[in-house]
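1. For reference, the sequence and a predicted model appear below.
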Amino acid sequence: MKTKTPNLAEMGVLNPEQIIGYTTVHVAEDMDVLKINYRRPKNSFLPKRRRYEFKRVSKPMPGSDLRGADAIRYDISPILARAIAELDFILADDKRMTATKQNLKDELEVLNAELNERIAHLSEMIDALD
């Protein structure tokens, strides 16, 4: 079975549909923390937030005359970057679903108003026949 979120699955995220948000924090020059928030069912033993730590990738500064610790830059972990992309995809799907839901509610309201007008008109026509 192929999953839409292989990196999150590799991290142990089994219920991506329950994700409601995330935050990333740069806690040290070589460490990032990803916190994922969940909407869990009532009486669930699973946590509402999970925390993942990622080491940053150290690379030498290109064209630098600096030596030692100053000559190293730290880039975000590729695993974290892919996980963030998957989280953004999941949350964008939720926003699209919410927008679609609101559009459907608006359309239903318009249809309901038109139907009520039509029913009132038909009632007037019936009353006119008596």
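-> Right, received. Where do you want to start? Residues are numbered from 1 along each chain as shown.
2. residue nearest the centroid of the chain?
-> Taking Cα atoms, centre = their mean as the criterion, residue 91 is the residue nearest the geometric centre of the chain, at 1.8 Å.
3. so it touches residue 16, yeah?
-> No - between residue 91 and residue 16 there is no contact under Cβ atoms under 8 Å: 10.1 Å. (Glycine included, C-beta is placed from N, CA and C.)
4. where along the chain do the strands fall?
-> Using DSSP state E, the strands of the chain run over residues 19-28, 31-38, 49-55, 57-60, 72-75.
5. what would those strands look like in a markdown table with mean neighbour count and mean pLDDT?
-> Below are those laid out as a markdown table (neighbours: other Cβ atoms under 10 Å; pLDDT from 0 to 100):
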| stretch | mean neighbour count | mean pLDDT |
| --- | --- | --- |
| strand 19-28 | 14 | 91 |
| strand 31-38 | 17 | 94 |
| strand 49-55 | 14 | 94 |
| strand 57-60 | 12 | 81 |
| strand 72-75 | 14 | 82 |
